[in-house]
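Asks: sequence unknown, structure follows:
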């Protein structure tokens, strides 16, 4: 570790402590050249999870972006915010459990739509209309017929 005072690279660790619930280690160091003390912090470098878009682009998984999309789909619906957080947590859990560091947006969308179908049919159709990029009313009606064909009641 380079001393911030004299730029020497020889130091010794005087004290180490965990902070932020074990996510960071705080080390108190003493420079062997100038004798001054300084603090360094050690954290685990996390490899980001990536989502692969339909056009092949990759971007970091953003739980806030997913949460915002869910909130829009559930706007003015009787869906508790804790349920939306649960869906986001589940998607994130699938990412963490996977050996791959990437997940296709189609897989994320499928997980979300499956959970929304169980939770709120209207929110499901709203999310599906954006996710599947319905081009016209016929596609929208087709999705509604699929819901009704399963014997699921669609609220009015």
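Replies: Noted; the coordinates are in hand. Remember, predicted model here, so these are calculated numbers, not experimental data.

Asks: so what does the helix or strand hosting residue 113 touch, helix or strand wise?
Replies: Here residue 113, judged by DSSP states H and E, is contained in helix 105-119. Counting contacts by 3 or more C-beta pairs under 8 Å, 6 or more residues apart in numbering; DSSP states H and E, helix 105-119 packs against strand 50-52, helix 63-73, helix 81-97, helix 121-131. Where C-beta positions appear, they are placed from N, C-alpha and C, glycine not excepted.

Asks: what angle separates that helix from helix 63-73?
Replies: Calculated by axes from the mean of the first three to the mean of the last three C-alpha atoms, to 10 degrees, helix 105-119 forms an angle of 40 degrees with helix 63-73.

Asks: touching, residue 120 and residue 79? I think so.
Replies: Yes. Using C-beta atoms under 8 Å, residue 120 makes contact with residue 79 at a distance of 5.1 Å.

Asks: from residue 110, how far out is the closest residue to residue 5 other than its chain neighbours?
Replies: The shortest distance from residue 5 to any non-neighbouring residue, by C-beta to C-beta, 6 or more residues apart in numbering, is to residue 36 (4.8 Å). As for residue 36, its distance to residue 110 is 57 Å (criterion: C-beta to C-beta, to the nearest Å).
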